[in-house]
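Novice: Build the 3D model from these lines:
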Amino acid sequence: MPDRPKVLIVGGGFGGVRVALGLTKRRDLTVTLLSDKPYFEYLPALYRVATAMAPLGAIVPLSEIIKGKPVEVIEDRAVVINPETKTVTGSSGKIHEYDFLVLALGSEVNYYGLSVLKPLTFGLKSVRDALRLYEHLDELFSSMEKASDTQRVESGHVVVIGGGATGTELAGELTADLRRLAKEYSFDPSYITVDLIDSGSRLIAELPEEVSARVQERLRDLDVNIFLHRSVVGEHVKEIYLKDMHLKTKTVIWAAGVSPNELYSKIEGLSLDGKGRVVVDEFLRAKGYENIFIVGDGASDPYAGTAQTAIREGHYVAGLISRKASGGKPRPYSPRKSSFAVPVGTGWASVSVGNLKINGRVGWWLRRLGDMRFYLSILPPLKALKFFFSSSGLNNIDTLISYVEKSN
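Specialist: Got it, this is the predicted structure:
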């Protein structure tokens with residue numbers, strides 16, 4: 001009996017998990033999911049992790065998602081990908097072979113040439129990043145009992161750089177969280193300042209202007225200071241320098257942009273576009289390759305960069321591989337614009353679905369329903385409800401920290 005074709009999926013994010021789940025009924029294929037973490041990170045919840053509001057569902061063990069399914073999960077970080085030998089070498093030194101390769105490597109923080117900022121700022125690309133920010137803020141406020149007024153002003157001043165969805169969501173949640181910390185540590189809330197800085201002319205530039213304006217209005221209602229047309233030119237330990245001003249702070253959060261995982265640029269033979277994404281054909285195959293598929297932020301899809309796009313691409317690639325394995329004729333992929341739901345503070349969100357725009361509490365519940373729908377798509381109903389409704393607060397944050405530490 002001939003060996004079953006090997007499908008190797010690299011990356012345990014939205015796209016990679018979707019491909020794996022889409023192939024679980026194919027008993028004629030050997031499916032392996034290679035991930036550098038033993039858990040899936042629900043990125044839309046990161047801003048809530050950073051402000052002690054997230055459910056444990058911010059991370060879901062891959063073993064729970066794949067349980068009982070014919071998919072092997074291997075924890076290893078891909079470091080070398082060789083299309084000629086059809087192999088992926090992991091940081092463990094192990095060599096993983098494939099017949100079909102799906103790369104769903106995601107993205108990483110882009111400092112736009114200001115790499116000096118990396119050790120001085122807080123990112124928000126992983127649960128570990130979010131926990132690091134949470135711990136920093138908690139320690140900062142807990143040490144302010146005998147601080148001078150100057151130290152209190154700097155400690156209460158938080159600067160978020162980047163007015164996209166991530167920066168906007170975080171800034172909106174921070175004002176309430178910092179006031180919670182102030183109350184907990186008897187810190188005068190009048191010292192608290194949250195600044196949101198962006199180099200563009202408006203927030204969340206990828207959304208319609210009317211949505212951007214409504215989100216901006218909501219942030220100002222939450223006492224967030226918004227600075228547009230400001231570019232960062234440098235930062236030291238306590239001062240961040242913009243083109244025409246500088247701000248004293250002990251907390252700078254970098255949410256100004258991402259770029260495709262750098263491993264894509266190290267794979268010999270792949271063609272990259274001007275944004276560093278892999279050029280793909282109408283079947284999401286890397287240009288020039290019949291058996292390498294790109295899913296998620298690394299593909300030159302005009303709508304790349306959202307979870308919805310990664311999920312849609314993952315679903316398509318799983319179906320395409322199934323048809324190829326059965327000798328069927330593949331159908332081209334059709335890129336589609338994603339809907340958006342941007343929460344700004346608890347109980348409020350701006351939702352944009354085509355021409356439909358909904359703001360406020362209804363938007364918030366629509367966003368929560370979208371979250372619930374995703375959990376149901378990767379877990380059995382009872383487990384999905386368990387992760388979605390798991391309680392929030394410091395005890396769960398501590399549990400989250402413990403889980404992440406044990407997993408690394």
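
Novice: got any ranges where the stretch 101-250 of the chain has weak pLDDT?
Specialist: Across the stretch 101-250 of the chain, residues meeting the criterion (pLDDT under 70) sit at 233-247.

Novice: okay, now the closest residue to P330 other than its chain neighbours: neighbour count?
Specialist: Nearest residue to P330, sequence neighbours excluded (Cβ to Cβ, 6 or more residues apart in numbering): L320, at 4.9 Å. The way it works is simple: take the backbone N, C-alpha and C, and place the C-beta from them, glycine included. For L320, the neighbour count with other Cβ atoms under 10 Å is 22.

Novice: quick one, what contacts L320?
Specialist: Taking Cβ atoms under 8 Å, 6 or more residues apart in numbering, we find L320 in contact with 283-284, 293, 330-331.

Novice: who wins for neighbours among the residues you listed?
Specialist: F293 (30 neighbours).

Novice: Helix, strand, or coil at it?
Specialist: Here F293 is recorded as strand under DSSP: H, G, I helix; E, B strand; the rest coil.

Novice: ok, it - contacts?
Specialist: Here F293 is in contact with 100-103, 280, 283-286, 317, 320-321 (criterion: Cβ under 8 Å, 6+ apart).

Novice: try 6 Å
Specialist: 102, 284-285, 317 (Cβ atoms under 6 Å, 6 or more residues apart in numbering).

Novice: Please, where are all the strands along the stretch 251-400 of the chain?
Specialist: Using DSSP state E, counting those that start in this stretch, the strands of the stretch 251-400 of the chain run over 251-254, 258-260, 292-294, 340-343, 349-353, 356-360.

Novice: Any chance of TSV for these, columns distance to T87?
Specialist: Listed next are these as TSV, based on distance: least, Cβ to Cβ, whole Å:
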stretch	distance to T87
strand 251-254	35
strand 258-260	22
strand 292-294	12
strand 340-343	39
strand 349-353	43
strand 356-360	47
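
Novice: These into JSON lines, with extra columns for mean pLDDT and distance to I378?
Specialist: Output for those, formatted as JSON lines (pLDDT from 0 to 100; distance: least, Cβ to Cβ, whole Å):
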{"stretch": "strand 251-254", "mean pLDDT": "92", "distance to I378": "29"}
{"stretch": "strand 258-260", "mean pLDDT": "92", "distance to I378": "23"}
{"stretch": "strand 292-294", "mean pLDDT": "98", "distance to I378": "20"}
{"stretch": "strand 340-343", "mean pLDDT": "93", "distance to I378": "19"}
{"stretch": "strand 349-353", "mean pLDDT": "93", "distance to I378": "22"}
{"stretch": "strand 356-360", "mean pLDDT": "93", "distance to I378": "26"}
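
Novice: Of these, which stretch is the most buried?
Specialist: Stretch with highest mean neighbour count among the strands of the stretch 251-400 of the chain: strand 292-294 (a mean of 28; mean count of other Cβ atoms under 10 Å).

Novice: Off-centre distance for it?
Specialist: For strand 292-294, the separation from the chain centroid amounts to 21 Å (computed by Cα atoms, centre = their mean, to the nearest Å).

Novice: picking that back up, I'd like to know which of the contacts of F293 are part of helices.
Specialist: V317 (DSSP state H).

Novice: How many residues are close by G22?
Specialist: 19.

Novice: Then Y134?
Specialist: 22.

Novice: A strand includes it, no?
Specialist: No - assessed with three-state DSSP, Y134 is helix; it does not lie in a strand.

Novice: The contacts of F293: which two are farthest apart?
Specialist: Maximum pairwise distance in the contacts of F293, criterion Cβ to Cβ, is 10.3 Å, between V102 and R285.

Novice: more neighbours, those two?
Specialist: V102 (30 against 20).

Novice: That one is in contact with I9, isn't it?
Specialist: Yes - V102 is in contact with I9 according to Cβ atoms under 6 Å; the separation is 4.5 Å.

Novice: residues bridging contact with these two, i.e. touching both?
Specialist: V19.

Novice: Can you tell me the centre-most residue of this protein?
Specialist: With distances taken as Cα atoms, centre = their mean, L43 lies nearest the centre of the chain, 3.9 Å away.

Novice: can you give me the strands for the stretch 101-250 of the chain?
Specialist: Under DSSP E, counting those that start in this stretch, the stretch 101-250 of the chain gives strands at 107-109, 157-161, 193-197, 224-227, 232-235, 239-242, 246-248.

Novice: which secondary structure elements does the second one contact?
Specialist: Meaning strand 157-161. Packing partners of strand 157-161 (3 or more Cβ pairs under 6 Å, 6 or more residues apart in numbering; DSSP states H and E): helix 165-184, strand 193-197, strand 251-254.

Novice: In JSON lines: those, plus distance to D301.
Specialist: Formatted as JSON lines, the helices and strands packed on strand 157-161 follow (distance: least, Cβ to Cβ, whole Å):
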{"stretch": "helix 165-184", "distance to D301": "18"}
{"stretch": "strand 193-197", "distance to D301": "28"}
{"stretch": "strand 251-254", "distance to D301": "25"}
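
Novice: quick one: which of these is nearest I311?
Specialist: Taking the helices and strands packed on strand 157-161 one by one with Cβ to Cβ, helix 165-184 is closest: 16.4 Å.

Novice: what's in contact with the closest one?
Specialist: Here helix 165-184 makes contact (Cβ under 6 Å, 6+ apart) with 47, 51, 124, 141, 158, 160, 189, 192, 194, 196, 203-204, 219, 222-224, 255, 342-345.

Novice: tell me the angle of it relative to strand 193-197?
Specialist: Computed with axes from the mean of the first three to the mean of the last three Cα atoms, to 10 degrees, the direction of helix 165-184 lies at 170 degrees from that of strand 193-197.

Novice: For helix 165-184, list every residue counted as buried.
Specialist: Buried residues in helix 165-184, counted by 16 or more other Cβ atoms under 10 Å: 165-175, 177-178, 181-182.

Novice: roughly how far is that helix from the heart of the chain?
Specialist: 19 Å.

Novice: Please apply the same query to stretch 268-282.
Specialist: Centroid separation for stretch 268-282 versus its chain: 21 Å, with Cα atoms, centre = their mean.

Novice: Next: stretch 112-125.
Specialist: 16 Å.
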